[in-house]
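A structural model of the following input is requested.
(3 chains)
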Amino acid sequence: MSDETNAQEASPVAAAPEEPGVSAVRLFMTLAVAGAMAGLLIVMVNQFTQPRIIAYKAKMLKLAVTEVLQGPARYDTLYLIDGALTPDLPAGLKPEKQKAIYVGYTEAGEIKGIAIARGESGFQDVVMLIFGIDPATQGLTGMKILASKETPGLGDKIYKDLDFVQQFFEGPTVPLLGVKIGAGDGAPNEIDMITGATISSRAVIRIINNAVTEWEPFFENLDKKPVAARGETK
Amino acid sequence: MRTTTPKEDFTRGIWRENPVFLQMLGLCPALAVTNTVENAIAMGLATFFVLFCSSLLVSSCKSFIPHEVRISTYILIIATFVTLADMVLEAVVPEVHKELGAFIALIVVNCMILGRQEAFASKKPVGRSLLDATGTGIGFLIAMLMMGGFREVLGMGTFLGFELFGPSYEPWVVMILPAGGFLTLGFIMLGFGYYEQRKIAKAKEMSDVEGRVTS
Amino acid sequence: MTDKALHVTASPHIRAADDTPTIMWSVVMSLAPVVGASIYFFGPSALLVILASCAGVLLVERFFGTSGGKSLFDGSAVITGVLLGLTLPPGFPLWMAFLGGAFGMAFGKLIFGGLGQNIFNPALLGRAFLQAAFPVAITTWTVPTENWLSLRGDNFAFPLMSPSLADGMTGATPLGLMKFEQISTEILPLFWGSTSGSVGETSTLFILLGGIYLAARNHLNWRIPASIFLTVAVMAGGIHFYDNSYPGPLFMLCSGGLMLGAVYMATDMVTSPVTNLGSWIFGFGIGFLVVVIRLWGGLPEGVMYSILLMNALVPFINRATQPRVFGTGTQRQEGAAS
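Coordinates of the predicted model:
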């Protein structure tokens, strides 16, 4: 507004001798042009990279879901919108921002299992994992750690110790119970914990139990057929 | 200010005025993402790319950029290239990008890059600026490689994933944790300090001898 | 000019018999029963671990020490080596113990300028490094075996290589049992020392005896261990009274490294406060942190981190508790203002 007064006030102090005639318009224009060019460049590169990034993320998710559901024929992504599960995402909502579960079906169109992703604090930082559960038997079908920063050599055994991981593929029932190796009595819900990584193993078990508690109410009313086979009823 | 030859512009940043170990610039990435050689190289190359392109652009546009908004303009230019590097890395090498995480975006605030723009590229011709940026970028890459190599070899017993000591090697876990970054940086700067001190002591000895001879 | 020279020196004129080597060696002597007990409980492995960490400490002191090796004989380096050895598990590979000693000495003490200049207890710094570097090896505890002469683990693992571990040799410490299995241990074995744990941490009795001897000779500030014990006892007692599932005060006092830490490490003259009030604050801080880490932290034991954290605060404690010279203080400020 009042460039002149500003300049008058500033001049005795700063005494800016170089380029006294630069106007505010010129400064503004410089930044605007630079910003516009920068934006243009970024948008151009984004056109090229964005599809690849999305494709990669989708591929990784698909791999994980397929693994923990032990190879379903197909699976549907159900989003939790306003307290109900729906395969259709309302316009304007980003799929990766919504809470969702992945329901896997067999060739015959029966529910094979439900994959749920969840993150909670482990020993160092948040442990993010995805696991599959068969709602009929309440048994797990698999578990995969998606992201963790657990201590290398100790806590990272939750995904490097294959004996530990394998247990989750052998149908332990929920709620899981962590026991010391050799201390269990053979109950179907027991998981042998990792020696030296008790906290991280407990975190995995806790995350799964919490996720089941949260999602269990929805298991009852799941559509028994995949979306594609359901017709136009919805 | 002493004038420099083009050769000096290039070689200075590589070792004698190494941005990390002697100028103490760019310490944030040097500490944070040097836990493996692969991460260190990716970070070093991304930084090199941003530094090179920014120097090129700043140096060639320096006569159009008003003095009052130069810092904002430099940051805008740097931020653009950082965003580009971020997106390209995520699309091409998603695994590495996941490891580096937010630190790619933080190249924007790497004072080494802004420092080169303000101190050199905005005053010198394009060719010289590129020499300077290349030298500094290589120096940064070397520093990252030294730290990454030291940490990965001790912390995992591997170099670029290649096993060095056989399967029964006991990894020094601390080296790939954040504490290991500080330890490694300390070790290397200890070496630089020791070397400097020796050089000064030697120079003094020489001048003492000369003084005695002449007197 | 007269032949007789009159020597005039500044005060103090009274010389005490205690100098640094005297005090340091008396600390080493007071550790002898602790070392003896550790050998009794853990066999030759205990002695090997202590010797290895001493070797690391002394070698670094010899080659990088400020006085070119003379400081080897003032006893302070030996204390660091023995204390570090006492905090390690008996089956610890010797090359790791050596490395810990060398690291603790170089980066805990010499890098600050040698004896009297360091901020952190060098033995604990060495252990903190080992804990961060080799988290598996340092939490591998062996159970007492039948044959006293047998090693309690793979002490002779080749340098840089992992120790091989036979099955059935490992057990949990009383604190680990408490934290992860909610199993308490009897107080008497804890007091006597026949539980699994670090080489020199298990025997409450011998550590206390050594501490009393040192306190009687005025070589350690009794206020520090006293305030640590008091804080831990009161806090643990209160929590135990409120909720029975938490361990009781006697268990907290006798288990883990609390005794060794409170008596021998927190009282390190270089890294503890110089004022009496400061000592009480220092001890209170350590006790508080120990209870918090043990009960609610991720690790079963927190003595090492508690002492290191409070070490860092010592300069501030010293400044805050600096006694005023009589007659100065608020009045001086008023005088200065007017």
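
Can you tell me which residues in chain B are near chain A?
Residues of chain B that fall close to chain A, judged by Cβ under 8 Å from any Cβ of the partner chain: B:64-69, B:72-73, B:76-77, B:79-80, B:83-84, B:87-88, B:90-92, B:94, B:98, B:155-156, B:171, B:173, B:176-177. In short, each C-beta sits where N, CA and C put it, glycine included.

okay, B:Ile77: pLDDT?
Note on B:Ile77: pLDDT of 92.

residues from chain B in reach of chain C?
Counting by Cβ under 8 Å from any Cβ, the residues of chain B near chain C are B:Phe165, B:Gly166, B:Ser168, B:Tyr169, B:Glu170, B:Trp172, B:Val173, B:Val174, B:Met175, B:Leu177, B:Ala179.

repeat that for 10 Å
B:154-155, B:157, B:165-175, B:177, B:179-180, B:183, B:186-187, B:190 (Cβ under 10 Å from any Cβ of the partner chain).

Would you map the helices across the stretch 201-338 of chain C?
Secondary structure of the stretch 201-338 of chain C (DSSP state H, counting those that start in this stretch): helices at C:204-216, C:223-242, C:249-254, C:258-260, C:276-296, C:303-320, C:330-337.

now the longest one and helix C:223-242, what's the angle there?
In this case it means helix C:276-296. Taking axes from the mean of the first three to the mean of the last three Cα atoms, to 10 degrees, one finds that helix C:276-296 is oriented at 40 degrees with respect to helix C:223-242.

Check the offset of helix C:276-296 from the chain's centre.
14 Å (Cα atoms, centre = their mean, to the nearest Å).

which intervals of chain A have sub-threshold pLDDT?
The model of chain A has pLDDT under 70 over residues A:1-21, A:152-153, A:182, A:223-234.

need the longest helix for it.
Criterion DSSP state H: the longest helix present in chain A is helix A:24-68.

Check whether that helix comes into contact with chain B.
Yes. Counting by Cβ under 10 Å from any Cβ, chain B is contacted by helix A:24-68 at A:24, A:26-31, A:33-35, A:37-42, A:44-46, A:48-57, A:59-60.

again, but for stretch A:189-197
No. Interface with chain B: stretch A:189-197 contributes nothing (Cβ under 10 Å from any Cβ), its closest point being 12.1 Å away.

Just give me the neighbour total for the nearest residue to C:Leu250 once chain neighbours are set aside.
Excluding the flanking residues, the one nearest C:Leu250 by Cβ to Cβ, 6 or more residues apart in numbering or on different chains is C:Ile187, at 5.2 Å. By the measure other Cβ atoms under 10 Å in any protein chain shown, the count of residues near C:Ile187 is 15.

what about C:Ile187, distance to C:His240?
C:Ile187 sits 13 Å away from C:His240, going by Cβ to Cβ, to the nearest Å.

cool, and A:Leu27?
Taking Cβ to Cβ, one finds A:Leu27 at 69 Å from C:His240.

in terms of contact, does B:Leu145 touch B:Ala40 like I think?
Yes. The criterion here is Cβ atoms under 10 Å, and B:Leu145 meets it with B:Ala40 at 5.7 Å.

tell me the contacts of B:Phe165?
B:Val153, B:Met156, B:Gly157, B:Thr158, B:Pro171, C:Leu160, C:Met161 (Cβ atoms under 10 Å, 6 or more residues apart in numbering or on different chains).

closest to chain A among the residues you listed?
Closest to chain A out of the contacts of B:Phe165 is B:Pro171 (6.1 Å), distances taken as Cβ to the nearest Cβ.

Specify the local secondary structure of the closest one.
coil (DSSP: H, G, I helix; E, B strand; the rest coil).

Could you pull up the residues touching it?
Per Cβ under 10 Å, 6+ apart, neighbours of B:Pro171: A:152-153, B:152-158, B:165, C:133-134, C:136, C:160, C:162.

List buried members of these by neighbour count.
A:152-153, B:152-158, C:133-134, C:136, C:160, C:162 (16 or more other Cβ atoms under 10 Å in any protein chain shown).

Same list, those, but as JSON lines with distance to C:Phe284 and secondary structure please.
Output for the buried ones among the contacts of B:Pro171, formatted as JSON lines (distance: Cβ to Cβ, whole Å; DSSP: H, G, I helix; E, B strand; the rest coil):
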{"residue": "A:Pro152", "distance to C:Phe284": "36", "secondary structure": "coil"}
{"residue": "A:Gly153", "distance to C:Phe284": "35", "secondary structure": "coil"}
{"residue": "B:Glu152", "distance to C:Phe284": "43", "secondary structure": "helix"}
{"residue": "B:Val153", "distance to C:Phe284": "44", "secondary structure": "helix"}
{"residue": "B:Leu154", "distance to C:Phe284": "39", "secondary structure": "helix"}
{"residue": "B:Gly155", "distance to C:Phe284": "37", "secondary structure": "helix"}
{"residue": "B:Met156", "distance to C:Phe284": "41", "secondary structure": "helix"}
{"residue": "B:Gly157", "distance to C:Phe284": "43", "secondary structure": "coil"}
{"residue": "B:Thr158", "distance to C:Phe284": "46", "secondary structure": "strand"}
{"residue": "C:Ala133", "distance to C:Phe284": "31", "secondary structure": "helix"}
{"residue": "C:Phe134", "distance to C:Phe284": "32", "secondary structure": "coil"}
{"residue": "C:Val136", "distance to C:Phe284": "34", "secondary structure": "coil"}
{"residue": "C:Leu160", "distance to C:Phe284": "42", "secondary structure": "coil"}
{"residue": "C:Ser162", "distance to C:Phe284": "40", "secondary structure": "coil"}
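
Let's have those residues in JSON lines, adding distance to B:Arg16.
Shown next, in JSON lines, are the buried ones among the contacts of B:Pro171 (distance: Cβ to Cβ, whole Å):
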{"residue": "A:Pro152", "distance to B:Arg16": "36"}
{"residue": "A:Gly153", "distance to B:Arg16": "39"}
{"residue": "B:Glu152", "distance to B:Arg16": "26"}
{"residue": "B:Val153", "distance to B:Arg16": "26"}
{"residue": "B:Leu154", "distance to B:Arg16": "27"}
{"residue": "B:Gly155", "distance to B:Arg16": "29"}
{"residue": "B:Met156", "distance to B:Arg16": "32"}
{"residue": "B:Gly157", "distance to B:Arg16": "33"}
{"residue": "B:Thr158", "distance to B:Arg16": "31"}
{"residue": "C:Ala133", "distance to B:Arg16": "33"}
{"residue": "C:Phe134", "distance to B:Arg16": "38"}
{"residue": "C:Val136", "distance to B:Arg16": "43"}
{"residue": "C:Leu160", "distance to B:Arg16": "34"}
{"residue": "C:Ser162", "distance to B:Arg16": "41"}
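
Mutual contacts of C:Ile187 and C:His240, please.
Between them, C:Ile187 and C:His240 share the contacting residues C:Gly248, C:Leu250, C:Phe251, judged by Cβ under 10 Å, 6+ apart.

Highest neighbour count among the residues you listed?
Busiest of the shared contacts of C:Ile187 and C:His240 [other Cβ under 10 Å] is C:Phe251, holding 20 neighbours.

Do I have it right that that residue meets C:Leu175?
Yes. C:Phe251 is within contact range of C:Leu175, at 8.9 Å (criterion: Cβ under 10 Å).

if we can go back for a sec, got the contacts of B:Phe165 as a markdown table, with pLDDT columns?
A markdown table is the format used below for these (pLDDT from 0 to 100):
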| residue | pLDDT |
| --- | --- |
| B:Val153 | 93 |
| B:Met156 | 86 |
| B:Gly157 | 88 |
| B:Thr158 | 88 |
| B:Pro171 | 85 |
| C:Leu160 | 81 |
| C:Met161 | 83 |
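
number of nearby residues for A:Val33?
Going by other Cβ under 10 Å, the residues that sit close to A:Val33 add up to 12.

can you pull the contacts of it?
Counted by Cβ under 10 Å, 6+ apart, A:Val33 has contacts B:Phe64, B:Thr73.

Now list whatever residues contact both of C:Phe251 and C:Leu175.
C:Thr185.

middle-most residue in chain A, spatially?
Geometric centre of chain A, nearest residue: A:Ala117, 6.4 Å, by Cα atoms, centre = their mean.
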